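[1] let me see the structure of the following:
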Amino acid sequence: MSSLPLSSAFRLLALGQGLSWFGDAFAPIALAVAVVVGGGSASELGLVLAATMTARLAGTLVGGVWADRVAPGRIMVASDVVRALAALATAGYFASGQDSALLLCGLAAVTGGAAAFFGPAFVSLRPLLVPVERRHAANATLNILQNSAFILGPATAGVFVAWAGAPWAFVVNAVSFLVSAATVAAIRVEAPRAPRVGMLAELREGWREVTSRSWLLAGLLAATAYHAAFGAVTVLVDVIAVRDLGGPTALGWISAASGAGGLLGGLLALRMPPSRPLFVGWPCVALMSLFAAAFAWPGHLGAVIAAAVVAFGGLMYFSVCWDTALQDGVPHAVLARVSSWDILTSFVAIPAGNALAGPIAHTYGTSRVILVAAVVMALASLAPMLVRGSRELRRATTATPAPEPTATPERTAVVP
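    Residues are numbered from 1 along each chain as shown. Next up, the predicted model:
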C-alpha cells in the first residue's frame, strides 16, 4: 500500500504550497533591500520583523479554534487572499516612496496575523487528502517541497530584486499567495468539525487534548526549551561565521549546507518511514547540538558545513515524524487547536533566545554560551524519550486507524 500514488487533491495542494513557499522567499529579501535602500535602519527592519512574528504568535491559538470550527480550506483561502492584498499594498508602499514605519509595521502585522490562521488550518487539511497509511509519505513530500523552495527561492529572489526592484518582488509574493488560494479552493473534501462551545472553552479543550497525551505534552515542553537555546544559537553562529569563518561567503556555504541537509532528511523520511516515529525522531533532533557545537569546537568552516548537513537532515526527518505523530495520535476534530498550541509553545521561546544571546555572550563568552546552548538542545531533544508514550507511539496503518473523538458529536463541512 505504501507504493500507492498520492491523491490528485493532495498533489494540487502540494503544487500550490510549493509555489507559495517559493514566493515567500522573495518577501524577506525584498524587505531588507527596500528598507536599506530607502534609508531605513536595522532598527526599523527589526521592528517590521517583530510586528510579523508578534501578530503571528498572538493569533495562533484563535486561528486554531477557527480552523476546527470552519472547513480548513476556507480559512486557508481567506488567509492567502489577505496576505496577497497585504503584499500588494507593501509593493505599493515602496513603489510610491512612502516613509512610515507605522504603516509598514501595520502591513507586516496583517501578514503575520493571517499566517496565524493559515498554519493550523493547513495542518488540519493535510490528513484529509490521503489515506492513513500514506500520511507519512505526504508529510515527507511537503517537507521536500518546502526545503527545495527554501534553497532555490532566496537565490532567485536576490537576482530578481537586483533586476526588477523590491516592489515587484512583493508582487511575485502576492501572486504566489493567490496561486495557493486557487489550488485550495479547487479541493473538495468532507471535514468533520467540532461543535462551537465558546472560544475559551474550545481553547481549554485543545489544551486538555495536549495534557492528556504524555508524548505530546513532553514534546511541547521539550520544544520550548530547545527553541530558547536555538534562538540564542541562531544569533551567535552568524556572528562567528562572519567574524571567524570567512564572512558572507561562509554564511552562504553554511546556509546552502543546511538547506541540502534538510532536503536529504526529507528524502530519507520518504524512503525510510519508521514504525515508531518519535522513538526514531527525537534522537535525530539531538543532532542539531552538533551543528551548534561545531562553531565553538573545532571552529573550522568544513566541520561546520558537515555538521549542518547532518544536523538539518536530522531536524527535517524529525519534522516529518512529528507531523505524522500529530495526525495519527490526535482526533481530527481538535487537530488544528492542538497544532496551534504546538506552534505557540515551540516558537514563542525563539525571540527570548534571540534577545538574550548578545548580553549573555558578552558576559560569559560566545563559544562558552554556544556550547551550553548545544547541551541544552541535546538534553531537550532526548528528554521526551524518558516518556513511555514517546517511545511506544506507533505510526497508524489501515489496521490501526487514527483515534476519533467520542465525547461530543461532530458537524461535517465541505472543504473549502
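[2] per the annotation, how does the chain divide into domains?
    Following automatic domain parsing, the chain resolves into domains at 1-187, 195-395.
[3] JSON lines for these, including mean neighbour count and mean pLDDT?
    No exception for glycine: its C-beta is placed from N, CA and C like everyone else's. Supplementary listing: the domains of the chain in JSON lines, determined by neighbours: other CB atoms under 10 Å; pLDDT from 0 to 100:
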{"stretch": "domain 1-187", "mean neighbour count": "20", "mean pLDDT": "90"}
{"stretch": "domain 195-395", "mean neighbour count": "20", "mean pLDDT": "91"}
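[4] who touches the spatially closest residue to residue 244 that is not a sequence neighbour in this structure?
    Excluding the flanking residues, the one nearest residue 244 by CB to CB, 6 or more residues apart in numbering is residue 299, at 6.8 Å. Applying CB atoms under 8 Å, 6 or more residues apart in numbering to residue 299 gives the contacts 240, 244-245, 367.
[5] switch the cut-off to 10 Å
    If a contact means CB atoms under 10 Å, 6 or more residues apart in numbering, then residue 299 has 240, 244-245, 293, 367, 370 as its contacts.
[6] got the residue ranges for the helices in the stretch 1-150 of the chain?
    8-24, 26-37, 42-69, 72-95, 101-125, 135-164 (DSSP state H, counting those that start in this stretch).
[7] and the second one, how far from the chain's centre?
    With CA atoms, centre = their mean, to the nearest Å as the basis, helix 26-37 stands 21 Å off its chain's centre.
[8] would you put the C-alpha positions of that helix in PDB?
    Extracted in PDB, the C-alpha atoms of helix 26-37 (Å, rounded to 0.1, in the frame of the first residue of the first chain):
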ATOM      1  CA  PHE A  26      11.000  36.800  -2.100                       C
ATOM      2  CA  ALA A  27       9.500  38.800   0.800                       C
ATOM      3  CA  PRO A  28      12.300  38.900   3.400                       C
ATOM      4  CA  ILE A  29      15.000  39.800   0.700                       C
ATOM      5  CA  ALA A  30      12.800  42.400  -0.900                       C
ATOM      6  CA  LEU A  31      12.000  43.900   2.600                       C
ATOM      7  CA  ALA A  32      15.600  44.100   3.600                       C
ATOM      8  CA  VAL A  33      16.700  45.700   0.300                       C
ATOM      9  CA  ALA A  34      13.800  48.100   0.200                       C
ATOM     10  CA  VAL A  35      14.300  49.300   3.800                       C
ATOM     11  CA  VAL A  36      18.100  49.800   3.400                       C
ATOM     12  CA  VAL A  37      17.900  51.400   0.000                       C
END
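[9] correct me, but residue 386 touches residue 218?
    Yes - Residue 386 is in contact with residue 218 according to CB atoms under 10 Å; the separation is 7.8 Å.
[10] part of a strand, is residue 191?
    Yes - assessed with DSSP: H, G, I helix; E, B strand; the rest coil, residue 191 lies in a strand.
[11] make sure the residue nearest to residue 244 is indeed in a helix.
    No - under three-state DSSP, residue 299 sits outside any helix and is assigned coil.
[12] quick check: phi and psi on it?
    phi 80, psi 30 (degrees, to the nearest 10).
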